[in-house]
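Visitor: show me how the following folds:
(one chain, ligands or ions: 2)
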Amino acid sequence: MKIVSATQIREIDEYTINHEPVTSIDLMERAATAFSSWFMQHYSNIKRIKIVCGPGNNGGDGLVIARILYSYGYKVEVYTILPTAKTSKDFDINLQRLSSLISEQRITPNSKLPQFHTEDILIDALFGSGLNRPLAGLAADIVQAMNQAKTIIAVDIPSGLFTDTNNSKEDVIIKATQTIAFQLPKLAFMLPQNADFIGDWHLVDIGLHPTAIAQASTNYFYTHTRKAITYLKKRSKFSHKGTNGHALLIAGSYGMMGAAILSARACLRSGVGKLTLHAPKHANDLVQSNIPEALFSADDNKYLSTTEWTEDQLKSYSAIGLGPGLSIDTKILSLIHSIIEHGSSIPLIIDADGINNLSTPEGRDLLDKLPENTIITPHPKEFQKLLNRSWQNDYEKLDLLREFSVKYQVIVCLKGAHTAVALPDGSIHFNSTGNPGMATGGSGDVLTGIITALLAQKYNPAHAAIFGVYLHGLAGDIAVKEKSIYSMVASDLTDNLPKAFLEITALQTQNS
Ligand SMILES: NC(=O)C1=CN([C@@H]2O[C@H](COP(=O)(O)OP(=O)(O)OC[C@H]3O[C@@H](n4cnc5c(N)ncnc54)[C@H](O)[C@@H]3O)[C@@H](O)[C@H]2O)[C@@H](O)CC1
Ligand SMILES: [K+]
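Guide: Numbers count the residues shown, from 1 in each chain. Ligands and ions are numbered 1, 2, ... in the order given. Next up, the predicted model:
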């Protein structure tokens, strides 16, 4: 699903009006109806609401919502906030349509500000994607007053928040409990810095023209379920363990074998034909008894010491995962170097201490040599170390992410809520699954295992990264229903991979 800019939203809107064709007032009716249906499903037992409408089309939506909810028996109070005398045409028409049912409370710069209370249920239709400057004066005052309420449902986007550019920390913005956006998600929704404003967000379909959406060019995408399920490869009846790849996982050291085991188990649960785990020899019994399905390749040392791998040793592997539970040691760089040199055609994913080693001055020299489409999976701190710099805001972070991925032609999965997968073509794909319960030790090791398995099964690396991240989050979303965000541990993710695969195959069947 595409994530488009505020300008493109306007263009898609216009295209829909001209080519469906539909009048702008009917499109507004459709958008407000979609919002109202969602609202009535989720707030069926409250009866009194306050709707705050601005002077443009977002305000126009609010006026239609007021009319619809009124007709369903809600007690509706409407505030129109008019910083100037300028209002949009569709706002005027809908104000007229509402006037026989409800009289609005008009607020201009000279009026006394309304008071809102904690228990008020507010609908925020002050400004939408037409916002072109930070809120000030009356608009800012009203938002501050509205933010007293505990429950605010934003129409399309919280007022004061820009769709696709940075807000400064001082900007006054609605703190919504929920945001109901029209049809396409906005870039602002993907960024941690905006979490307090957006709350939970949901999309409602308003029938924008598919041709206009198809024609909009963008670097940003949202991996929704309908797309994600198309990545899962069908299995042939005649497949055998040889056709499903042989993964090599280089992971673990004294005191950190848990990471290796988590990763290995996730790899085995993600469809790999065969897995060899290379780890220090003391771990042999542990690995054999915990993961009987894996082959063990013993390293002679407490910490990993086999840094030289020959082509002969590597040639039987169809993917290599490297990093979980290693350590920061120049030896690891020699290891990465050796793998790049002798196994450059084998898909590779580097995580955790693998990335930390690349963040050293000597490590950075290796970045240029990473084979094209190598996958790295840093969390923001690791990415900062890799770049050797920080960022001012999340938009700058995205620019740095894209630059890095394009410059080194590698795939970067920047982990977090809505993990961002940056591809060497400059596109960034935000994930739709996952929950805060996954922010727990070992969760990243599980992701490495999943992606290693997909690579071994010859998924193209971009798909392995995007789909791997989706699967990981989906397993987390299934796990959280039983374990809660507080009690979840990384093993719960692996334990729920089977259910995640079952869910995806069922959806594939439904859609075929
Ligand atoms: N594009 C679409 O697909 C659709 C959009 N609709 C609604 O239309 C909204 C966009 O409407 P508009 O373009 O009229 O814009 P808004 O309603 O967001 O803003 C209204 C106008 O206020 C002015 N303004 C901007 N920033 C301001 C500020 N900080 N202080 C004071 N005034 C400011 C601008 O002149 C702007 O055009 C969407 O968010 C959505 O709610 C729906 O009605 C129908 C479909
Ligand atoms: K709004």
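Visitor: the bottom helix or strand of the chain by mean pLDDT?
Guide: Least confident helix or strand of the chain, by mean pLDDT, DSSP states H and E, is helix 330-342 with a mean of 90.
Visitor: tell me what the helix or strand following that helix is packed against?
Guide: Of the helices and strands lying after helix 330-342 in sequence (DSSP states H and E), the nearest is strand 348-350. Applying 3 or more C-beta pairs under 8 Å, 6 or more residues apart in numbering; DSSP states H and E, one finds that strand 348-350 makes contact with strand 319-322, helix 330-342, strand 375-376, helix 443-456. Yep, even glycine has a C-beta here, placed from its N, CA and C like the rest.
Visitor: please identify the most buried of these.
Guide: Of all those, helix 443-456 has the most neighbours on average by mean count of other C-beta atoms under 10 Å, namely a mean of 30.
Visitor: pLDDT (mean, whole number) over that helix?
Guide: Taken as a whole, helix 443-456 carries a mean pLDDT of 98.
Visitor: if we can go back for a sec, would you put the C-alpha positions of the least confident helix or strand of the chain in PDB?
Guide: Written as PDB, here are the backbone C-alpha positions of helix 330-342 (Å, rounded to 0.1, in the frame of the first residue of the first chain):
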ATOM      1  CA  THR A 330      38.300  -7.900  15.500                       C
ATOM      2  CA  LYS A 331      38.100 -11.600  14.900                       C
ATOM      3  CA  ILE A 332      34.400 -11.200  13.900                       C
ATOM      4  CA  LEU A 333      35.500  -8.700  11.200                       C
ATOM      5  CA  SER A 334      38.000 -11.300   9.800                       C
ATOM      6  CA  LEU A 335      35.100 -13.700   9.800                       C
ATOM      7  CA  ILE A 336      32.800 -11.300   7.900                       C
ATOM      8  CA  HIS A 337      35.700 -10.600   5.500                       C
ATOM      9  CA  SER A 338      36.300 -14.200   4.900                       C
ATOM     10  CA  ILE A 339      32.600 -14.900   4.200                       C
ATOM     11  CA  ILE A 340      32.300 -12.000   1.800                       C
ATOM     12  CA  GLU A 341      35.400 -13.200   0.000                       C
ATOM     13  CA  HIS A 342      34.600 -16.800  -0.300                       C
END
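Visitor: ok, now how distant is the residue nearest to the spatial centre of the chain from ligand 1?
Guide: The residue at the geometric middle of the chain, judged as the C-alpha nearest the mean C-alpha position with C-alpha atoms, centre = their mean, is H418 (1.9 Å). Relative to ligand 1, H418 is positioned 21 Å away (criterion: C-beta to the nearest ligand atom, to the nearest Å).
Visitor: what does the stretch 51-200 of the chain put close to ligand 2?
Guide: Those residues of the stretch 51-200 of the chain that sit near ligand 2, judged by C-beta under 5 Å from the ion, are D124, G128, A154, V155, S159.
Visitor: mind doing that once more with 8 Å?
Guide: By C-beta under 8 Å from the ion, the part of the stretch 51-200 of the chain that sits against ligand 2 consists of 54, 58, 124-128, 154-159, 174.
Visitor: ok, so of those residues, who is nearest S327?
Guide: Closest approach between these and S327, by C-beta to C-beta: P158, at 44.4 Å.
Visitor: which one is that closest one nearest to, not counting chain neighbours?
Guide: Of all residues beyond its chain neighbours, the one nearest P158 is I174 (3.9 Å), with distances taken as C-beta to C-beta, 6 or more residues apart in numbering.
Visitor: which strand or helix spans the one you found?
Guide: According to DSSP H and E, I174 maps onto no helix or strand at all.
Visitor: let me know the pLDDT of it.
Guide: We have a pLDDT of 98 for I174.
Visitor: that one: what's it in contact with?
Guide: With contacts defined as C-beta atoms under 8 Å, 6 or more residues apart in numbering, the neighbours of I174 are D124, L126, V143, M146, N147, I152, A154, P158, S159, G160, L161, F197.
Visitor: what sits against the fifth one?
Guide: For N147, the contact set (C-beta under 8 Å, 6+ apart) comprises I174, K175.
Visitor: so how far is ligand 1 from it?
Guide: As judged by C-beta to the nearest ligand atom, N147 and ligand 1 stand 16 Å apart.
Visitor: same deal with the last one?
Guide: F197 sits 15 Å away from ligand 1, taking C-beta to the nearest ligand atom as the criterion.
Visitor: CA atoms only: put the helix or strand where that residue lies into CSV for me.
Guide: In this structure, F197 sits in helix 195-198 according to DSSP H and E. Output in CSV follows, covering the C-alpha atoms of helix 195-198 (Å, rounded to 0.1, in the frame of the first residue of the first chain):
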residue,chain,number,x,y,z
ALA,A,195,3.0,8.3,18.6
ASP,A,196,1.5,10.5,21.4
PHE,A,197,-0.5,12.5,18.9
ILE,A,198,-1.9,9.8,16.7
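Visitor: does the helix or strand that comes right after it come close to ligand 1?
Guide: Sequence order places strand 200-204 as the next helix or strand after helix 195-198, per DSSP H and E. No. In terms of C-beta under 6 Å from any ligand atom, no part of strand 200-204 sits within range of ligand 1; the closest distance is 10.9 Å.
Visitor: the next helix-or-strand element following strand 200-204 and ligand 1 in contact?
Guide: In the C-terminal direction, the helix or strand that comes right after strand 200-204 (DSSP H and E) is helix 210-215. No. Using C-beta under 6 Å from any ligand atom, helix 210-215 never reaches ligand 1; the gap is at least 9.7 Å.
Visitor: buried residues in helix 210-215?
Guide: Using 16 or more other C-beta atoms under 10 Å as the burial criterion, the residues of helix 210-215 that qualify are A212, I213.
Visitor: let me see the mean pLDDT of that helix.
Guide: In this model, helix 210-215 has an average pLDDT of 98.
Visitor: for that helix, packing partners?
Guide: Taking 3+ C-beta pairs under 8 Å, 6+ apart as the contact cut, helix 210-215 packs with helix 6-19.
Visitor: is the helix it packs on in proximity to ligand 1?
Guide: Yes. For helix 6-19, a contact with ligand 1 is found by C-beta under 6 Å from any ligand atom, at I9, R10, D13.
Visitor: what count of nearby residues applies to the second one?
Guide: A count of nearby residues for R10, using other C-beta atoms under 10 Å, gives 14.
Visitor: which residue, other than its chain neighbours, is closest to it?
Guide: Closest residue in space to R10, ignoring its immediate chain neighbours: S129 at 7.4 Å, by C-beta to C-beta, 6+ apart.
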